[in-house]
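Colleague: Output the structure for:
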Amino acid sequence: MEQALHSLSWLLLLSGGVFCVVGSIGLLRMPDAYTRMHAASVIDTLGLGGILIGLMLQSGLTLITAKLAIVMILVFFTSPTATHAMARAMLHRGIKPIIADKQDRSSNS
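Modeller: Residues are numbered from 1 along each chain as shown. The predicted structure is shown next:
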């Protein structure tokens, strides 16, 4: 049983790391700020979530697990709020997504 728990925790740690790498590549390759924010949210939710759950399985039922759970709850509540605030600020400044620019051009033709 302990070996299965150990293997599951390493699987979660590795998959979380892969999502962090993929999201980081997305931050560099995406064309506009809105899609870059989506790539950053992949890092927050899938990457960090997988890593934190894997670390919780590694630490067992200790105070460390409670602290990791608090960090996970904090990130899962603050990350969407911050992303939403950034998107509203970009819209307020007049920065449009690339799709909106293409639709505006096609309707003006």
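
Colleague: drop to CA atoms for contacts and neighbour counts, all remaining ones
Modeller: Fine.

Colleague: check contacts around the most centrally placed residue in the chain.
Modeller: Nearest to the mean C-alpha position of the chain, by Cα atoms, centre = their mean, lies residue 44 at 2.5 Å. By Cα atoms under 8 Å, 6 or more residues apart in numbering, the contact set of residue 44 is 75, 76, 79.

Colleague: Could you dump those residues into CSV and include secondary structure?
Modeller: Shown next, in CSV, are the contacts of residue 44 (DSSP: H, G, I helix; E, B strand; the rest coil):
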residue, secondary structure
75, helix
76, helix
79, helix
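
Colleague: my guess is residue 47 meets residue 14, correct?
Modeller: No: Residue 47 sits out of contact with residue 14 when judged by Cα atoms under 8 Å, with a separation of 9.3 Å.

Colleague: more crowded one of these two?
Modeller: residue 47 (24 against 16; other Cα atoms under 10 Å).

Colleague: So which bits of stretch 1-18 are buried?
Modeller: Within stretch 1-18, the residues that count as buried by 16 or more other Cα atoms under 10 Å are 8, 9, 10, 12, 13, 14, 15, 16, 17, 18.

Colleague: Let me see the mean pLDDT of it.
Modeller: Averaged over stretch 1-18, pLDDT sits at 93.

Colleague: And for that stretch, what's in contact with it?
Modeller: 46, 47, 48, 49, 50, 51, 52, 53, 54, 55, 57, 58.

Colleague: How far off centre is it?
Modeller: Relative to the centre of its chain, stretch 1-18 is centred 19 Å away, using Cα atoms, centre = their mean, to the nearest Å.

Colleague: Alpha carbons only: can I get it in PDB?
Modeller: Taking C-alpha atoms only, stretch 1-18 is exported to PDB below (Å, rounded to 0.1, in the frame of the first residue of the first chain):
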ATOM      1  CA  MET A   1       0.000   0.000   0.000                       C
ATOM      2  CA  GLU A   2       2.800   2.400   0.900                       C
ATOM      3  CA  GLN A   3       4.500   1.700  -2.500                       C
ATOM      4  CA  ALA A   4       1.300   2.600  -4.400                       C
ATOM      5  CA  LEU A   5       0.900   5.800  -2.400                       C
ATOM      6  CA  HIS A   6       4.600   6.700  -3.100                       C
ATOM      7  CA  SER A   7       4.100   6.000  -6.800                       C
ATOM      8  CA  LEU A   8       0.900   8.100  -7.000                       C
ATOM      9  CA  SER A   9       2.600  11.000  -5.300                       C
ATOM     10  CA  TRP A  10       5.500  10.900  -7.700                       C
ATOM     11  CA  LEU A  11       3.100  10.700 -10.600                       C
ATOM     12  CA  LEU A  12       1.300  13.800  -9.400                       C
ATOM     13  CA  LEU A  13       4.600  15.600  -8.800                       C
ATOM     14  CA  LEU A  14       5.800  14.800 -12.300                       C
ATOM     15  CA  SER A  15       2.500  15.700 -14.000                       C
ATOM     16  CA  GLY A  16       2.300  19.000 -12.100                       C
ATOM     17  CA  GLY A  17       5.900  19.700 -13.200                       C
ATOM     18  CA  VAL A  18       4.900  18.900 -16.800                       C
END
